[in-house]
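*Asks:* Output the structure for:
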Amino acid sequence: MAGGGFSRLPNGKVVVAVTLPRPTAEGGTVRVLVHAVNRARALTRLRNLGLRAVYLRGNAEPPTPDEITAVLHHPDGLLWRTTPQCGEQLWQPIRALLRPHAPAH
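*Replies:* Predicted coordinates for the structure are as follows:
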C-alpha cells in the first residue's frame, strides 16, 4: 500500500482513504474511499471485494473534505479514481474498478 488514512465523523463512523496499486492490467495507482462503522470494517469491505493486501498503517494521508463529501453522497459508500487525479476525472463506484475488462478485438 502506498498511503492512506482515516477521518472519524461526528456520528462515530469513519471514512478511510487508501492508495493502492490498480488491480487491472493498466497499472498505476488508485485512491479508494470507504465509508464504514469503523476502520476494521472498512478494510474488511475492501478485502471482501478481492483486494486482499489492504492495510492501514498510520494516518499519513487522511481523506480530504472533498473526498469525505463524495463518499458520503454515494449509496454504496465505496468509490475510487486514479492517482494522481486529473481535474476532470470523477469518482467512480468500486464495481467499475473490479469489473473484468473485455478483451480487445
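*Asks:* what about residue 4, how many neighbours?
*Replies:* By other CB atoms under 10 Å, 23 other residues sit near residue 4. Where C-beta positions appear, they are placed from N, C-alpha and C, glycine not excepted.
*Asks:* Need phi/psi at the closest residue to it other than its chain neighbours.
*Replies:* Spatially, and ignoring its direct neighbours in sequence, residue 4 is nearest to residue 18 (3.6 Å; CB to CB, 6 or more residues apart in numbering). With angles defined as degrees, to the nearest 10, residue 18 sits at phi -130, psi 150.
*Asks:* And residue 40, by the same measure?
*Replies:* phi -60, psi -40.
*Asks:* ok, it to residue 77 distance?
*Replies:* 15 Å (CB to CB, to the nearest Å).
*Asks:* more neighbours, the two?
*Replies:* Comparing residue 40 with residue 77 by other CB under 10 Å, the one with more neighbours is residue 77, at 17 against 12.
*Asks:* how close does that one sit to residue 32?
*Replies:* Where residue 32 is concerned, residue 77 sits at a distance of 11 Å (CB to CB).
*Asks:* How about residue 76?
*Replies:* Residue 76 sits at a distance of 12 Å from residue 32 (criterion: CB to CB).
*Asks:* Perfect, that will be all.
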